[in-house]
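Visitor: sequence and predicted structure below; questions after.
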Amino acid sequence: MSDTPFPPCSILLLSGGRGQRMGGRDKGLIEWQGRPLIAWLHERVRPLTDDLIISCNRNADRYCAWADQLVQDDSPDFPGPLAGIRAGLAAARHDHLLILPCDAPLLDRELLDALLNAAGERPVMLRQGDFWEPLFSVLPRSLLPRIERAWQAGERSPQRVLRQLDPVAVYCPPNDPRLANLNTPELLDATQAQH
Ligand SMILES: Nc1nc2c(ncn2[C@@H]2O[C@H](COP(=O)(O)OP(=O)(O)OP(=O)(O)O)[C@@H](O)[C@H]2O)c(=O)[nH]1
Ligand SMILES: [Mg+2]
């Protein structure tokens, strides 16, 4: 399965959002260049892991085709991506979990390698210009109890949680096209026209 130099990792694709800016549609299943967004992410990460986890809160019957395991939030009200991260960490079979959002189909192998090569005892988080990007990160599973404590104390922001855990940064330029995040129909159309 794996053709990588790094230790085995689990991979979590976050696809459990409300998709409000897409009119409430399940974003991972929206077609981009003729295939659902989640299929592009799946193609990119499948060679890197034997433990591909998708966090979804709808359409499990479709998502199961692209995953080894599915996880869902433990409440039905879309509490945000940290809910998916805690479920993914709890389910992960390897010591490290690479986390990615479902709506970034232009991610490339080089960026994934950079994140995974930095994996260790501290969290790894992408830093795009001046901004931390917690949904592009690698977490050791050993951090689950600390993340769980923060959650129980009412924290819901992945960025605040990860910043408190002494993250290692992997740097990207501010306008790195590989990080195009397709949040709206307009962005979806614009990137389709370019690729
Ligand atoms: N598990 C889980 N994942 C979520 C939740 N909210 C967002 N995400 C995921 O986090 C990533 C970033 O979220 P957004 O890009 O804002 O996606 P979204 O929340 O579906 O879209 P909007 O409703 O328009 O904000 C996406 O991969 C989402 O699927 C949630 O409540 N639970
Ligand atoms: Mg959102």
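Guide: Cool, got the structure. Ligands and ions are numbered 1, 2, ... in the order given.
Visitor: state the pLDDT value of Asp3.
Guide: Per-residue confidence (pLDDT) for Asp3: 60.
Visitor: what sits against the closest residue to ligand 1 within the chain?
Guide: At 2.0 Å from ligand 1, Gly17 is the closest residue in the chain, using Cβ to the nearest ligand atom. Backbone N, C-alpha and C define where each C-beta goes, glycine included. The contact partners of Gly17, taken as Cβ atoms under 8 Å, 6 or more residues apart in numbering, are 27, 78, 81.
Visitor: what's the local residue count around the second one?
Guide: Here the neighbour count serves as a burial measure; for Phe78 (other Cβ atoms under 10 Å) it reads 14.
Visitor: Arg146 versus that one, what's the distance?
Guide: Between Phe78 and Arg146 the computed distance is 24 Å (Cβ to Cβ, to the nearest Å).
Visitor: could you do the first one as well?
Guide: Here Lys27 is placed at a distance of 29 Å from Arg146 (Cβ to Cβ).
Visitor: show the average pLDDT along stretch 99-113.
Guide: Here the average pLDDT along stretch 99-113 is 96.
Visitor: any residue of that stretch touching ligand 1?
Guide: Yes - residues of stretch 99-113 contacting ligand 1 under Cβ under 6 Å from any ligand atom: 101-103.
Visitor: what's the end-to-end length of that stretch?
Guide: 13 Å (Cα to Cα, to the nearest Å).
Visitor: contacts only, for Asn181.
Guide: Counted by Cβ under 8 Å, 6+ apart, Asn181 has contacts 101, 103-104, 187.
Visitor: do that again at 10 Å, thanks
Guide: Contact analysis of Asn181 by Cβ atoms under 10 Å, 6 or more residues apart in numbering lists 101, 103-106, 133, 135-136, 187, 191.
Visitor: now it, what's its secondary structure?
Guide: coil (DSSP: H, G, I helix; E, B strand; the rest coil).
Visitor: cool, Glu121 as well?
Guide: Applying three-state DSSP: Glu121 is coil.
Visitor: what do you get for the one 4 residues further on?
Guide: Secondary structure state of Met125, per three-state DSSP, is strand.
Visitor: hmm, it is touching Gln164, no?
Guide: No - the criterion here is Cβ atoms under 10 Å, and Met125 misses it with Gln164 at 11.7 Å.
Visitor: of the two, which one has the most company?
Guide: Using other Cβ under 10 Å as the criterion, Met125 and Gln164 rank with Met125 on top: 25 against 13.
Visitor: distance of that one from Arg109?
Guide: For Met125 relative to Arg109 (Cβ to Cβ), the value is 19 Å.
Visitor: is it true that Leu143 lies in a helix?
Guide: Yes - under three-state DSSP, Leu143 falls within a helix.
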